[in-house]
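In: Got a sequence here, can you model it:
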Amino acid sequence: MPVVFVHGVGNHDKENAKKTQRFQRKLFSQFLLPVINAVPRDNAVLLPWWGKEGAVPRWGHACRPGLTESLGAADGTSVTQLLAAAELPRSGRTNDVVLDTARDSLADAVDLLYSAIDIDFCSDDELDELAALAVPLAAYCELHPRFDRADPFWEGVGDDPSLIGAFVDAGRESGPRRERLGAGETLGQAGEWLDSTARKLQKALVGTPTRLSSGGLRRLTDDRVQAFLGDVFKYLALRGTPKRPGRIVKIVLGDLRAAGVGAPQGEPLVVVAHSMGGDIVYDIASYFDPELVIDVLVTVGSQVGLFAEFSAFRGVPHDLPTKDRRKVPARANIRTWINVVDRSDILCYSAEPVFEGAKDVQYESGALWAHAAYFKQPNFYSRIAKHVQAAMT
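Out: I've put the predicted structure just below:
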């Protein structure tokens, strides 16, 4: 069976969704398929797109309280890049924001760059190259977590461009070369994108404290919060019943059921669900199709615990908790459930205190941009793969 990834809220634009899904499919294929011994094939990673059925504001966000100022658009800096820059460590050791991050954590520097890449403007070839570079970079970060003068990786690295050259070198070979890219060599498409992203982060950092006043922070996050609430309201109102499921349930359930069709015998079904996607998957497994067997469920930045707290799931007994039973009973059709919790993510909730069988795994990004960044970060995919591999042994 393949990997099924169920996205979260706000993925309403078809063309943007195609770009994002292409990148995510590549990363899931390279990080997750090998650890579950899945046979590589075209349908090995399914990504049901339910965003086309998401909520559309009837008055065009007229309910906003007078927030007319636009941030980030004038200089081509995205909202994600502004939020990322707001959390960059400022050690004072350099004027290069990615290098500052790398001196504390090489993995954080890689994930910062990948999180801030504007995927919508990447070509398919560029996305392929960025995905291919992600695997060796994550592997190198695991072996070399932070700055070490004795490590040849750092030889000649003194600014963001030279650091990105070192990243490209680490990806091209099993280890970095002592001689960096020469004048006749290029960074390649992936390196050029990382370099461009680093320069945008540097620009975004300028003036960030004033931009992120309470009003500025709301302007940066308001669309995301409204998208979350809108999609939640619409899903709950129109999700339907097992005999007549709503459109969102049909889309996700269709791919979950299709996952086993034609799959080699013995392959597990691994479902990874982000944000609202986790709520949809649990609703399906507990109410719409309780016979569906999921070998490993990974919920990330999700609200499954919150939904249960307020009795939003029809498949969860509404008389819980009781004196004799404090948690929702474990579901036999979810054999392993890993719930990734980042306390910096304001839309992320624990599951373990509410559900038997759920295991909360902490992921500490410490970032304002945490909710939107998970599935662009190479090291996040690497960590998920390790947890899934452990669950299968």
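In: Touching, A138 and D111? I think so.
Out: No. Using CB atoms under 8 Å, A138 is not in contact with D111, being 9.1 Å away. (C-beta placed from N, C-alpha, C; glycine too.)
In: Now for those two: what residues contact both?
Out: Shared contacts of A138 and D111, defined by CB atoms under 8 Å, 6 or more residues apart in numbering, comprise 378-379.
In: Could you pull up the mean pLDDT of the helix or strand hosting H371?
Out: Using DSSP states H and E, H371 sits in helix 370-373. Across helix 370-373, the average pLDDT comes to 82.
In: Contacts for it next, please.
Out: Residues from elsewhere that reach helix 370-373 (CB under 8 Å, 6+ apart): 8, 80, 84, 111, 115, 224, 275, 301, 342, 344-348, 365, 367.
In: repeat for stretch 307-322
Out: Looking at stretch 307-322 with CB under 8 Å, 6+ apart, the contacting residues turn out to be 236, 279, 282-283, 285-287, 290, 326-328, 354-355.
In: any chance of those residues in JSON lines, with secondary structure, neighbour count and pLDDT too?
Out: JSON lines is the format used below for the contacts of stretch 307-322 (DSSP: H, G, I helix; E, B strand; the rest coil; neighbours: other CB atoms under 10 Å; pLDDT from 0 to 100):
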{"residue": "L236", "secondary structure": "helix", "neighbour count": "13", "pLDDT": "96"}
{"residue": "D279", "secondary structure": "helix", "neighbour count": "26", "pLDDT": "98"}
{"residue": "Y282", "secondary structure": "helix", "neighbour count": "30", "pLDDT": "98"}
{"residue": "D283", "secondary structure": "helix", "neighbour count": "26", "pLDDT": "98"}
{"residue": "A285", "secondary structure": "helix", "neighbour count": "23", "pLDDT": "98"}
{"residue": "S286", "secondary structure": "helix", "neighbour count": "19", "pLDDT": "97"}
{"residue": "Y287", "secondary structure": "helix", "neighbour count": "17", "pLDDT": "98"}
{"residue": "P290", "secondary structure": "coil", "neighbour count": "14", "pLDDT": "96"}
{"residue": "R326", "secondary structure": "coil", "neighbour count": "11", "pLDDT": "91"}
{"residue": "K327", "secondary structure": "coil", "neighbour count": "16", "pLDDT": "96"}
{"residue": "V328", "secondary structure": "strand", "neighbour count": "23", "pLDDT": "96"}
{"residue": "V354", "secondary structure": "coil", "neighbour count": "21", "pLDDT": "97"}
{"residue": "F355", "secondary structure": "strand", "neighbour count": "23", "pLDDT": "97"}
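In: Please identify which two of the residues you listed are farthest apart in space.
Out: Greatest spatial distance in the contacts of stretch 307-322: L236 and R326, 25.4 Å, computed using CB to CB.
In: can you count the residues close to A308?
Out: 22 (other CB atoms under 10 Å).
In: can I assume it sits in a helix?
Out: Yes. Under DSSP: H, G, I helix; E, B strand; the rest coil, A308 sits within a helix.
In: in the stretch 201-350 of the chain, which spans are strands?
Out: Secondary structure of the stretch 201-350 of the chain (DSSP state E, counting those that start in this stretch): strands at 270-274, 294-300, 334-341.
In: Tell me where the model's unsure across the stretch 201-350 of the chain.
Out: 204-223 (pLDDT under 70).
In: so the residue lying closest to H274 once chain neighbours are set aside, which of the three states?
Out: In space, and not counting its chain neighbours, H274 is closest to G8: 4.3 Å by CB to CB, 6 or more residues apart in numbering. The three-state label for G8, taken from three-state DSSP, comes out as coil.
In: surely G8 meets D279?
Out: No. Applying CB under 8 Å, one finds G8 not in contact with D279, separated by 9.3 Å.
In: Just give me the neighbour total for the closest residue in space to C122 that isn't next to it in sequence.
Out: Using CB to CB, 6+ apart and skipping residues adjacent in sequence, the residue nearest C122 is W193, 6.5 Å away. Counted with other CB under 10 Å, residues neighbouring W193 total 25.
In: Pull up the gap between W193 and N43, please.
Out: 28 Å (CB to CB, to the nearest Å).
In: before we move on, the earlier item: list the residues that contact the residue nearest to H274.
Out: Here G8 is in contact with 274-277, 301, 371 (CB under 8 Å, 6+ apart).
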